[in-house]
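Undergrad: 3D, please:
(2 chains)
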Amino acid sequence: MFNTASSAPVATPSSGARKARLTSNQRPKWLVPAVGVASIVVGAALSALVGFNVALWAVFAAVLFLVAATLAVSLVEGPRNGADSLVTYLVYTAFVLAVVPLISVIWTVLANGLPGLNANLLLTSMNGVTGATDNAAVAGEAPVLGGAYHAIVGTVSITFWATLMSVPIGLLTAIYLVEYSKGAWLGRSITFFVDVMTGIPSIVAGLFAAALFGLLFGPSTRFGFVAAVALTVLMIPTVVKNTEEMLKIVPNELREASYALGVRKWRTITKVVIPTAISGIASGVTLAIARVIGETAPLLVTAGFATSINWNSFSGWMTTLPTYIYYQILTPTSPTNPDPSLQRAWAAALILIVIVMLLNLIARLVARAFAPKTAGR
Amino acid sequence: MSTTVTTKEPASGIRRAAAGGQAGDSVFSALSLGAGVLILAVLAAVAVFLSLQALPTFRAPAEEISGGAGFFSYIWPLVIGTVVAALIALVIATPLGILVALYISHYAPARIAKPVGYIIDLLAAIPSVVYGAWGTTVLASSLVPFYTWAAEHLGFIPIFSGPASQTGKTMFTAGIVLAIMVLPIITAMSREIFIQTPKLHEEAALALGATRWEMIRMTVLPFARPGIISSVMLALGRALGETMAVALVLSSGPLMASLIQSGNQTIAAEIALNFPEAYGLRLSELIAAGLILFLITLVVNMIARAIIARYKEFSGAN
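TA: Predicted structure coming up:
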């Protein structure tokens, strides 16, 4: 089949030598699509031989196409163009491969999460929900009870404290780096260590908070604020990096104009520099919140696990959405009938993803709506 | 005369603003300096408090440590498991991430490139616990046929030796989930650098008759090599420390060569799974494991950052 494909363009059209010269060593338009169709057909046949399934079919078809199309193009246009088209097809394949899991994840969360998303989930906690309740639900005697309200409460309060701590620290550090340090060794080392801090594994941040409060209040101290400290460690570098970028693109002319009017430096910063960059800073903070709100590991070791509503971050265990999902999957409320737990977990995952996506969207909208009015970059 | 009167008002306003603080100036600069120093202090505190809490483990007699043979023999299978999981992730994610970055920077039409960048960022925004849940329910079971096939036909290679796990909750699955999670890091960073390739180099290559791939190989990749290396190092740091994907996906066990049986464990997942019930020496042991993980990722990240810093000096970019 591929031989006919490659020999076809050699047959010169009779309309004239000029056209033949221009199109010689050029693949005809139909060549690659034809190879594609052939690969799909042959791939189907091959996968049917082994035992048909769609994934196998896709893999066979893709491999066949990569090999065959490269060969066909090489034969017509020479090996250099062959290599070129191979890479082109690889790039497109890689893109598809990268998008497939994303679609699969979102599809799974939607398909499993939507049935469980109801007022019960949003407005009740797991207080009093036992294995017996879930067994009854599976037997059809009662609706699936229990919800994630306490987890939403925990997520909101822990994230609130983390934001409250990390934003001032991050903001002031960024101001120091951009406005004060001027490339001094301290500024350079802070930049370096903030970068390094970005790479701290989230569980290590959790262990740090646990170790710190363990020394202060005795081992196994767990309440919401400990988790907030852990999240602060993770959030600070993101806030610093984003704010730094934003402050850097504030044009120097604005600062100089302010200084020329005799305004002090701290006034210049608070009245001129920060208002100019505020939209970027706000969107950076939103992105940082979106990053830590989905953290699970540090909360496992710092906030414990609760089944009832707890608004107080300074005493008692707390549950957040990620730990709620984790425990509902790993230790279902009713070990014999895990389905209600899984349903609650997926619905909570859907809520979590919606929150994260909304935060990302808000960040983009904020950044776009009030983009710094500069010719900065 | 009247002009001086009119200019007097704003001038005095400014003077009032300016007078609003010699003190303010020094307070503000001290505050921002303090915040910067606080960050350094926090990083130091992480190391110090972890070390303090880990101390009992290093002092305890060997037979009291889990496994009964001392801390070293407890930790090294976990370290190897951590490294293996991260390596699987990198082997899959590096070529894929670079190709996707090339797609965005050089192949996709400009109209598509931007939304695709957003899509890749979305991939990064999904919380890790959701990836873990997806990996354990969807991915693990759909990989079982492949594992069975690999155990039958490739079983002579140690990493594919059977019998294959029938749940699919193996190291290999965990590695794939990790790969999906670090892919956006590699793609986003590589894309940034691919875009910065000097346009003149690219056009010169094309003008000399290079195909698009030859142009990329001769101008884009050499220019971006340090950036690619550092993005891979950062992805490695992330993969080493990632907890939830492994904790949920892997059905853990002792260290073994086969990646398609249940078994193996990583440091982060070991901590997450055992910390909530731990007390006394066990608590200290897990914190010591965390300290080791911290040191490993610290080294990896410092190397990555050093490469980036050196590269910045040479490139003139930024």
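Undergrad: so where is the stretch 1-150 of chain B shaky, pLDDT-wise?
TA: For the stretch 1-150 of chain B, residues meeting the criterion pLDDT under 70 lie at B:1-21.
Undergrad: residues contacting whatever residue of it ends up closest to chain A?
TA: Going by C-beta to the nearest C-beta, chain A is nearest to B:Pro127 of the stretch 1-150 of chain B, at 2.6 Å. For every residue, glycine as well, the C-beta is placed using N, CA and C. For B:Pro127, the contact set (C-beta atoms under 8 Å, 6 or more residues apart in numbering or on different chains) comprises A:293-296, A:322, A:352-353, A:356.
Undergrad: can you pull the phi/psi pair for it?
TA: phi -60, psi 150 (degrees, to the nearest 10).
Undergrad: repeat for the one 3 residues further on
TA: When read as degrees, to the nearest 10, the backbone of B:Val130 gives phi -70, psi -40.
Undergrad: which ones among the contacts of B:Pro127 come in contact with chain B?
TA: Near chain B, judged by C-beta under 8 Å from any C-beta of the partner chain, the entries from the contacts of B:Pro127 are A:293-296, A:322, A:352-353, A:356.
Undergrad: export those residues to JSON lines and tack on secondary structure, distance to A:Thr270 and pLDDT?
TA: Compiled in JSON lines, those are given as follows (DSSP: H, G, I helix; E, B strand; the rest coil; distance: C-beta to C-beta, whole Å; pLDDT from 0 to 100):
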{"residue": "A:Ile293", "secondary structure": "helix", "distance to A:Thr270": "29", "pLDDT": "90"}
{"residue": "A:Gly294", "secondary structure": "coil", "distance to A:Thr270": "33", "pLDDT": "87"}
{"residue": "A:Glu295", "secondary structure": "coil", "distance to A:Thr270": "32", "pLDDT": "87"}
{"residue": "A:Thr296", "secondary structure": "coil", "distance to A:Thr270": "37", "pLDDT": "86"}
{"residue": "A:Pro322", "secondary structure": "helix", "distance to A:Thr270": "36", "pLDDT": "91"}
{"residue": "A:Leu352", "secondary structure": "helix", "distance to A:Thr270": "36", "pLDDT": "92"}
{"residue": "A:Ile353", "secondary structure": "helix", "distance to A:Thr270": "37", "pLDDT": "90"}
{"residue": "A:Val356", "secondary structure": "helix", "distance to A:Thr270": "32", "pLDDT": "89"}
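Undergrad: how about the nearest residue to the residue of the stretch 1-150 of chain B closest to chain A, chain neighbours excluded?
TA: Of all residues not flanking B:Pro127 in the chain, A:Gly294 sits nearest, at 2.6 Å (C-beta to C-beta, 6 or more residues apart in numbering or on different chains).
Undergrad: surely that neighbour and A:Leu352 touch.
TA: Yes. Contact criterion C-beta atoms under 8 Å: A:Gly294 and A:Leu352 qualify, at 6.2 Å.
Undergrad: which neighbours do those two share?
TA: A:322, B:127, B:129-130.
Undergrad: list the contacts of A:Ile169.
TA: Listed by C-beta under 8 Å, 6+ apart, the contact set of A:Ile169 reads A:232, A:236, A:239, B:35, B:38-39.
Undergrad: helix or strand for it, just tell me which one.
TA: Using DSSP states H and E, A:Ile169 falls within helix A:149-175.
Undergrad: which positions in that helix come out as buried?
TA: A:149-155, A:157-159, A:161-163, A:165-167, A:169-175 (16 or more other C-beta atoms under 10 Å in any protein chain shown).
Undergrad: can you check stretch B:205-213 too?
TA: Buried-residue list, stretch B:205-213, by 16+ other C-beta under 10 Å: B:205, B:210-213.
Undergrad: can you give me the end-to-end span of it?
TA: End-to-end span of stretch B:205-213 (C-alpha to C-alpha, to the nearest Å): 10 Å.
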